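> only geometry, no sequence info:
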């Protein structure tokens, strides 16, 4: 592979190395170009992106850019879901007001939280992202065990005093109702 000479060539190298399945943002491309090519010219980057799209070297999707014909695996974190009991009726979907009971534990087995009744709107950001992923699709009466990676829980900061930084969370959740 020839060395990247033009701004467009460098952008393509950045996108290929970033491997974001949704496409790479201008900010991510700029950060890569700065670290790998000591390139830090926002005006040239904007011109290079526009030119590369016009020439068909890149495809723009909103604020993201991809190399045509190249696909990358979705490497985003996911919640591990074990269906313990399958309920019946409608499935919980984004926008539904759901009521659950739950127990939350750390890897050590320490119970950091529990509730016999907790209501929230699914997908509205009322709860950690891991719950939005893990409760979606549950039916009333369902029981699931969720293993929520730190990035879909409380992340690098944790939630003092009970949840340390970078903690993997374990939940047993029962869906009681969907409104």
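Thanks, I have it. All values reported here derive from a predicted model rather than from experimental measurement. Numbers count the residues shown, from 1 in each chain.
> need the helices for the chain, in chain order.
Remark: helices assigned in the chain by DSSP state H are 7-18, 26-37, 42-54, 129-135.
> Which residue is the nearest non-sequential neighbour of residue 125?
What sits nearest to residue 125 in space, not counting adjacent residues and going by C-beta to C-beta, 6 or more residues apart in numbering, is residue 132, at 7.8 Å. All C-beta atoms are positioned from the backbone trio N, CA, C, and that covers glycine.
> and the one you found, what is it in contact with?
Contacts for residue 132 (C-beta atoms under 8 Å, 6 or more residues apart in numbering) come out as 94, 122-123, 125.
> most neighbours, which of those?
The most crowded member of the contacts of residue 132, judged by other C-beta atoms under 10 Å, is residue 122 (21 neighbours).
> Quick one: residues contacting it.
Contact analysis of residue 122 by C-beta under 8 Å, 6+ apart lists 92-98, 132, 135-136.
> and what of residue 155?
165-166.
> can you pull the pLDDT of it?
We have a pLDDT of 96 for residue 155.
> any idea how far residue 98 is from the most centrally placed residue in the chain?
The C-alpha lying nearest the average C-alpha coordinate of the chain belongs to residue 76 (C-alpha atoms, centre = their mean; 5.2 Å). As for residue 76, its distance to residue 98 is 23 Å (criterion: C-beta to C-beta, to the nearest Å).
> same deal with residue 85?
In terms of C-beta to C-beta, residue 85 sits 16 Å off from residue 98.
> cool, and residue 91?
Residue 91 sits 11 Å away from residue 98, going by C-beta to C-beta.
> okay, those two: which has more neighbours?
Using other C-beta under 10 Å as the criterion, residue 91 and residue 98 rank with residue 98 on top: 24 against 14.
> Name all residues that make contact with residue 168.
By C-beta under 8 Å, 6+ apart, the residues touching residue 168 are 106-107, 147-150, 153.
> Quick one: distance of stretch 164-174 to the chain centre.
The chain centroid and the centroid of stretch 164-174 are separated by 16 Å under C-alpha atoms, centre = their mean, to the nearest Å.
> any idea of the mean pLDDT in that stretch?
Stretch 164-174 comes out at a mean pLDDT of 98.
> what is residue 146 paired to in the beta sheet?
When bridges are called by DSSP bridges, residue 146 pairs up with residue 81, residue 171.
> burial count for it?
21.
> wait, residue 79 sits on residue 151?
No. With contact defined as C-beta atoms under 8 Å, residue 79 does not reach residue 151; the gap is 10.6 Å.
> you'd agree residue 172 is up against residue 113?
No. Here residue 172 lies out of contact with residue 113, judged by C-beta under 8 Å, at a distance of 11.7 Å.
> Who are the contact partners of the nearest residue to residue 166 once chain neighbours are set aside?
In this structure, residue 166 finds its nearest non-sequential neighbour in residue 150, 4.6 Å apart by C-beta to C-beta, 6+ apart. By C-beta under 8 Å, 6+ apart, residue 150 lies in contact with 156, 165-169.
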